[in-house]
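# Here's a sequence, model it:
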Amino acid sequence: MRGRKIKVGETSVTLYARHNKGCAKRDDNSGTVDCKCIRWIQHKDGKRESTSQWTWTKAEEEARRIVGGMVNTPEKFGAYGVEKALDEWIAERDQDGLQ
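Residues are numbered from 1 along each chain as shown. A predicted model of the protein is given here:
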């Protein structure tokens, strides 16, 4: 298994070390490798992004912040969300005279 899986809300991502060419632990793909290489996030859709962190603890915190921000940020997924859908549904029920 490459890296370590972490879950943020309903989303899970893989956190892994992206080794430098000269890293002595380049062949270690575990989620516990102890080296000074940057940790990266891989999303389920294949998108990858850097956490800009070298330690697992800080990288996991950064990954949770990044992924948590994506889940809660409307501009990442367009302006249409649950609140807007509910408002439209309520307006439609009011228009039809339903309670």
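# which secondary structure element contains the residue positioned nearest the centre of the chain?
Closest residue to the average C-alpha location of the chain: Val67 at 2.9 Å, with CA atoms, centre = their mean. According to DSSP states H and E, Val67 maps onto helix 56-72.
# Could you check that helix and say which residues are buried?
Within helix 56-72, the residues that count as buried by 16 or more other CB atoms under 10 Å are 56, 59-60, 62-64, 66-67. C-betas here are computed from N, CA, C, even on glycine.
# re the thing from before, residues contacting the residue nearest to the centre of the chain?
Each residue near Val67 by CB atoms under 8 Å, 6 or more residues apart in numbering is listed here: 8-9, 11, 13, 41, 43.
# could you flag which of these are buried?
The buried subset of these (16+ other CB under 10 Å) comprises 8, 13, 41.
# which residues touch the first one?
Think Val8. Residues near Val8 by CB under 8 Å, 6+ apart: 63-64, 67-68, 71.
# got a pLDDT number for Lys21?
Among the per-residue scores, Lys21 holds a pLDDT of 91.
# quick one: it is in a strand?
No: judged by DSSP: H, G, I helix; E, B strand; the rest coil, Lys21 forms no part of a strand; its state is coil.
# got the phi/psi numbers for it?
Per-residue torsions, Lys21: phi -60, psi -40 (degrees, to the nearest 10).
# What about it, how many residues nearby?
Neighbours of Lys21 under the rule other CB atoms under 10 Å: 5.
# Distance check, it against Ser50.
Distance check for Lys21 against Ser50: by CB to CB, to the nearest Å, it reads 17 Å.
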